[in-house]
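Peer 1: Okay, structure incoming, though there's no sequence with it:
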Ligand code: G3P
């Protein structure tokens, strides 16, 4: 399973990209705002992100209507070859996905909460679909079954669209979506570090070195 970093924080992106830990980046208007990036500064910020990552970088449109989404999507698509235009899974968003796909522009259909939304996104030729595991679980529904159902549908019809599971609350959810066959998980920097840190590893290492130091 590929791992993307879900952030607009440039220093975290550069760090994890240099480590080789990440395969791509996802951002959205809320994550950009968290880094103090306003809509009129997004292109410049995106240029810096795409210069730091070789994998796909998803940028979400601010527009909510079809014509505006197409204009915004086309503008962002010229920034770098690894740009993916993220669109909300609405009627206008799905139409925009079809048009951008027909123009050879990569798309990521976001805010997916049902298997049929993912099916529609795949039918429109989306490169990626982003089901929000954590937000489904927050609402007391089964966000992990959502991934299993989308996986089955995509496999049934050999859709090329990749499942990019998003909105995680725990590392357990991340390991389960990996078992379920999610192609990609996009993860906050905080959760990413928890994927590999373990207190028993630190304690075990400390014990090994202590024992080794007792031999002169
Ligand atoms: O990639 C989607 C993500 O940023 C949404 O996460 O934690 O706001 O549900 P969250």
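Peer 2: In hand now; what should we look at? Values in this document were obtained by computation on a predicted structure and should not be read as measured data. Numbering: from 1, shown residues only.

Peer 1: Mind jotting down where the helices sit in the protein?
Peer 2: Ranges of helices in the chain, per DSSP state H, are 10-19, 29-34, 42-52, 66-77, 91-102, 115-123, 133-138, 143-156, 171-180, 189-196, 199-213.

Peer 1: which parts of stretch 108-125 are buried?
Peer 2: 108-113, 115, 117-122, 124-125 (16 or more other Cβ atoms under 10 Å). No exception for glycine: its C-beta is placed from N, CA and C like everyone else's.

Peer 1: Those: which ones sit near the ligand?
Peer 2: Counting by Cβ under 6 Å from any ligand atom, nothing from those sits close to the ligand.

Peer 1: Check the gap between residue 171 and residue 196 for me.
Peer 2: Between residue 171 and residue 196 the computed distance is 10 Å (Cβ to Cβ, to the nearest Å).

Peer 1: who has more neighbours, the two?
Peer 2: In this view residue 171 and residue 196 are compared by other Cβ atoms under 10 Å, and residue 171 has more residues nearby, 16 against 9.

Peer 1: Name all residues that make contact with that one.
Peer 2: Shown in contact with residue 171 (Cβ atoms under 8 Å, 6 or more residues apart in numbering): 191, 194, 195.

Peer 1: Can you name the residues bridging to the most centrally placed residue in the chain?
Peer 2: In the chain, the residue lying closest to the centroid (Cα atoms, centre = their mean) is residue 186, at 3.6 Å. Taking DSSP bridges as the rule, residue 186 bridges to residue 4.

Peer 1: quick one, what contacts it?
Peer 2: 3, 4, 5, 6, 24, 26, 130, 164, 165, 166.

Peer 1: So the nearest residue to residue 32 once chain neighbours are set aside versus the ligand, what's the distance?
Peer 2: Using Cβ to Cβ, 6 or more residues apart in numbering and skipping the chain neighbours, the partner closest in space to residue 32 is residue 8 (4.6 Å). Distance, residue 8 to the ligand, by Cβ to the nearest ligand atom, to the nearest Å: 10 Å.

Peer 1: Residue 8 contacts residue 30, correct?
Peer 2: No: between residue 8 and residue 30 there is no contact under Cβ atoms under 8 Å: 9.2 Å.

Peer 1: out of these two, which sits in the busier spot?
Peer 2: For residue 8 versus residue 30, neighbours defined as other Cβ under 10 Å are more numerous around residue 8 (25 against 9).

Peer 1: dump the residue contacts of that one.
Peer 2: Residue 8 sits next to 27, 31, 32, 34, 35, 37, 45, 49 when contact means Cβ under 8 Å, 6+ apart.

Peer 1: mind putting the helices of the chain in TSV, mean pLDDT and distance to residue 83 included?
Peer 2: Compiled in TSV, these are given as follows (pLDDT from 0 to 100; distance: least, Cβ to Cβ, whole Å):
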stretch	mean pLDDT	distance to residue 83
helix 10-19	97	14
helix 29-34	93	14
helix 42-52	94	6
helix 66-77	98	6
helix 91-102	98	11
helix 115-123	98	18
helix 133-138	97	25
helix 143-156	98	23
helix 171-180	98	25
helix 189-196	96	21
helix 199-213	97	37
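
Peer 1: want to try JSON lines for the ones you listed, with distance to residue 59 as columns?
Peer 2: Listed next are the helices of the chain as JSON lines, based on distance: least, Cβ to Cβ, whole Å:
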{"stretch": "helix 10-19", "distance to residue 59": "13"}
{"stretch": "helix 29-34", "distance to residue 59": "9"}
{"stretch": "helix 42-52", "distance to residue 59": "6"}
{"stretch": "helix 66-77", "distance to residue 59": "5"}
{"stretch": "helix 91-102", "distance to residue 59": "12"}
{"stretch": "helix 115-123", "distance to residue 59": "17"}
{"stretch": "helix 133-138", "distance to residue 59": "20"}
{"stretch": "helix 143-156", "distance to residue 59": "23"}
{"stretch": "helix 171-180", "distance to residue 59": "23"}
{"stretch": "helix 189-196", "distance to residue 59": "18"}
{"stretch": "helix 199-213", "distance to residue 59": "36"}
